[in-house]
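1. quick one, structure for this:
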Amino acid sequence: MTPGAGAEAPTDVLVVGAGTSGLALALQAHDCGARVRVVERRTEEFRPSRALILHPRTLEGLRPLGVADELLSRADTAPVVDLHLGPRVVTARLDDVTLPGTAFPHPVLARQAEVEAVLRAALARRGVTVERGTEFVGRSGERAVLHRDGALEEASFRWLAGCDGPGSTVRAAAGVTWRGRPYRQEILLADLELEGLLPGRAHVAAAAGGLVFLFAIGERAPWRLLATTRSSPSGAPFGQPGPPVPEEELQAVLDASGLPVRMLRAAWSSRVRLQHRLAGRFREGDVFLVGDAAHAHSPAGGQGMNTGILDALNLGWKLACAVPPVPGGPAQEVLLDTYEQERRPADRLVLALTHVLFWGEAGTGPLPRALRGRVAPLAAPAAPALLGWHRLTAAGMGVLAQFHVRYRGSPLSVTSGRVHGTPRPGDRLPDALVRCGGRAVRLHGLTAAPGFHVLLERSAPGLDAAALGAGPGTPGPRVHVHRLEDRPGEGGTVVRPDGHVGLRAGRVDAELLSAWLAAARGRP
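-> Sure, this is the predicted structure:
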């Protein structure tokens with residue numbers, strides 16, 4: 001067994017797994033000042049995408065890392081969906097819905113493989129290369145044991161992030177329980193050549209047997225099929241592509257959906273087993289669980305990839321802040337514990353939401369079958385009016401986008417003095433038009449850089465990063481100070497690197513802000 005391969009300094013964050021969660025975590029931690037290393041068991045870069053939707057909150061969180069524009073350039077930013085409800089077809093344009101307070105007013109369609117490619121390229125530009133064919137197999141004291149090219153390596157680290165999926169080796173090595181159960185249904189995925197459908201849009205059919213989705217963003221053929229069926233004893237790992245699906249079974253699924261479509265060829269297909277589980281803990285000492293390693297659920301609502309990225313953005317800056325000089329100190333432990341305190345309740349709610357949605361999409365009982373097969377076609381005439389009620393559709397999209405995730409009970413959410421209105425500490429910072437530096441700018445444009453952002457009201461005392469004990473050379477994320485000239489008062493707000501409000505003060509001063517920043521950096 002050889003020691004760690006020639007790192008000039010110890011790795012601050014060793015990320016196991018190069019899916020979207022692991023790559024986003026590495027990018028956030030790096031841009032906030034940590035030294036990161038990413039290892040991945042798989043040797044190949046490409047794998048068929050299981051996730052196809054990016055929600056607005058995810059794009060907001062990734063924007064400070066400089067990847068949002070590239071993601072949008074590869075996405076379908078104006079998705080059109082044809083809802084097939086019995087004999088009636090209702091067309092919905094997602095770009096007709098405008099979520100308030102964000103630069104990303106609706107979901108976009110983006111292949112998981114494209115998201116991984118963008119994040120991987122961003123890391124490579126920063127000098128961080130994914131080490132493929134390198135498997136985490138366990139620990140030896142304070143070192144990770146990695147297997148590569150038939151040999152074992154011991155790698156030093158300060159923090160170990162398990163982003164290695166629902167069958168997480170890191171979670172098993174940490175002895176963390178995996179609570180929940182498998183679903184009775186599984187997902188059929190396939191890339192198909194079809195005839196009979198309008199191109200350039202998604203098609204969703206409500207049938208008694210379950211919803212059938214066809215997206216015009218296949219990877220090995222023009223159309224991607226996603227459908228549910230009763231689980232089979234395939235033996236494949238949960239959440240991973242299993243054996244191919246016979247073409248006659250795929251055609252039978254299309255026929256049962258009522259879609260006017262004929263399959264010409266199946267370029268690729270797979271069964272994916274599903275489960276509904278939550279890790280007993282998200283932190284065990286120096287080990288943290290992220291994304292599918294911490295929670296596994298159905299694909300209903302397109303939550304999996306997005307929730308994992310939001311986990312990563314929450315944790316990445318905290319690990320960067322927790323880099324010594326005060327290893328293991330009380331303030332550092334309080335900071336690191338906030339990852340589980342904040343994200344586990346949020347992820348538990350996502351699990352509950354996806355469970356309910358999946359019951360409606362794929363439940364095999366009499367009630368969900370009747371809702372899909374009988375009630376949905378009968379309600380079809382009312383669908384255009386409901387879709388035209390933009391406040392209703394925006395409210396639903398806001399829930400799916402996780403705009404309402406709040407960390408108000410976190411030790412990092414602090415109110416000082418008398419403040420009014422929202423956002424409250426722990427809330428997501430909404431976008432708005434403000435005046436700063438003598439010009440009108442968007443608030444999220446001001447905060448689109450890694451680090452903490454101090455938003456001073458018009459009459460607040462003048463401050464700079466050095467006055468806050470966070471000048472050049474200070475470990476951890478940078479501190480940016482902005483004065484909002486159109487916001488009267490002497491107070492201010494501090495925005496965390498993940499876009500949530502940390503501190504709101506009726507009157508700010510350097511001592512108050514320095515104290516909060518010290519706590520947020522894990523310093524005494």
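2. how near is the nearest residue to Pro524 once chain neighbours are set aside to Ala467?
-> Spatial nearest neighbour of Pro524, chain neighbours left out: Ala331 (5.0 Å); criterion: Cβ to Cβ, 6 or more residues apart in numbering. Backbone N, C-alpha and C define where each C-beta goes, glycine included. Counting by Cβ to Cβ, to the nearest Å, the gap from Ala331 to Ala467 is 21 Å.
3. repeat for Gly409
-> Using Cβ to Cβ, Gly409 is found at 30 Å from Ala467.
4. those two: who's more crowded?
-> More crowded of Gly409 and Ala467, by other Cβ atoms under 10 Å: Ala467, with 17 against 10.
5. next, the more buried one: secondary structure please.
-> helix (DSSP: H, G, I helix; E, B strand; the rest coil).
6. just the pLDDT for it.
-> For Ala467, the model assigns a pLDDT of 76.
7. is it true that it touches Leu512?
-> No - using Cβ atoms under 8 Å as the test, Ala467 is too far from Leu512 to be in contact (11.7 Å).
8. show me what contacts Asp311?
-> Counting by Cβ atoms under 8 Å, 6 or more residues apart in numbering, Asp311 touches Ser21, Leu25, Val290, Gly291, Ala294, Arg343, Asp347.
9. run the chain-centre distance for the one helix or strand it maps to.
-> Here Asp311 sits within helix 304-321, counting by DSSP states H and E. Distance, stretch centre to chain centre, for helix 304-321: 8 Å (Cα atoms, centre = their mean, to the nearest Å).
10. what's the next helix or strand after it packed up against?
-> Next along the chain after helix 304-321, taking DSSP H and E as the criterion, comes helix 330-362. When contacts are defined as 3 or more Cβ pairs under 8 Å, 6 or more residues apart in numbering; DSSP states H and E, helix 330-362 packs onto strand 178-195, strand 210-215, strand 262-279, strand 283-284, strand 295-296, helix 304-321, helix 366-370, helix 510-520.
11. apply 7 Å and report the result again.
-> With contacts taken as 3 or more Cβ pairs under 7 Å, 6 or more residues apart in numbering; DSSP states H and E, helix 330-362 sits against strand 210-215, strand 262-279, strand 283-284, helix 304-321.
12. for the record, mean pLDDT for it?
-> pLDDT averaged over helix 330-362 gives 92.
13. with stretch 251-262 instead?
-> What stretch 251-262 shows for mean pLDDT is 91.
14. with stretch 280-292 instead?
-> Averaging pLDDT along stretch 280-292 gives 97.
15. just stretch 509-524 next, same as before
-> Summarised as a single mean, pLDDT over stretch 509-524 is 90.
16. which residues touch that stretch?
-> For stretch 509-524, the external contacting residues (Cβ atoms under 7 Å, 6 or more residues apart in numbering) are 321-322, 326, 329, 331-332, 335, 412, 414, 416, 452, 454, 461, 463, 467-470, 476, 479, 494, 502-503, 505.
17. my guess is Thr447 contacts Val441. True?
-> No - using Cβ atoms under 7 Å, Thr447 is not in contact with Val441; the gap is 10.5 Å.
18. out of those two, which sits in the more crowded spot?
-> Neighbour tally, Thr447 and Val441, criterion other Cβ under 10 Å: the higher count belongs to Thr447, 23 against 14.
19. quick one, what contacts that one?
-> Shown in contact with Thr447 (Cβ under 7 Å, 6+ apart): Pro64, Leu429, His453, Val495.
20. any idea which of the helices and strands packed on helix 330-362 is most buried?
-> helix 304-321 (a mean of 28; mean count of other Cβ atoms under 10 Å).
21. report the backbone C-alpha coordinates of that one in PDB.
-> Extracted C-alpha coordinates of helix 304-321, given in PDB (Å, rounded to 0.1, in the frame of the first residue of the first chain):
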ATOM      1  CA  GLY A 304     -33.100  14.000  -7.200                       C
ATOM      2  CA  MET A 305     -30.400  15.800  -9.000                       C
ATOM      3  CA  ASN A 306     -31.600  19.200  -7.800                       C
ATOM      4  CA  THR A 307     -31.800  18.200  -4.200                       C
ATOM      5  CA  GLY A 308     -28.300  16.700  -4.300                       C
ATOM      6  CA  ILE A 309     -26.800  19.800  -5.800                       C
ATOM      7  CA  LEU A 310     -28.500  21.900  -3.100                       C
ATOM      8  CA  ASP A 311     -27.000  19.600  -0.400                       C
ATOM      9  CA  ALA A 312     -23.600  20.200  -2.000                       C
ATOM     10  CA  LEU A 313     -23.900  23.900  -2.200                       C
ATOM     11  CA  ASN A 314     -24.900  24.000   1.500                       C
ATOM     12  CA  LEU A 315     -21.900  21.800   2.600                       C
ATOM     13  CA  GLY A 316     -19.200  23.000   0.300                       C
ATOM     14  CA  TRP A 317     -18.600  26.500   1.800                       C
ATOM     15  CA  LYS A 318     -18.800  25.100   5.300                       C
ATOM     16  CA  LEU A 319     -16.100  22.600   4.700                       C
ATOM     17  CA  ALA A 320     -13.900  25.400   3.200                       C
ATOM     18  CA  CYS A 321     -14.600  27.500   6.300                       C
END
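22. no further queries at this time; thank you.
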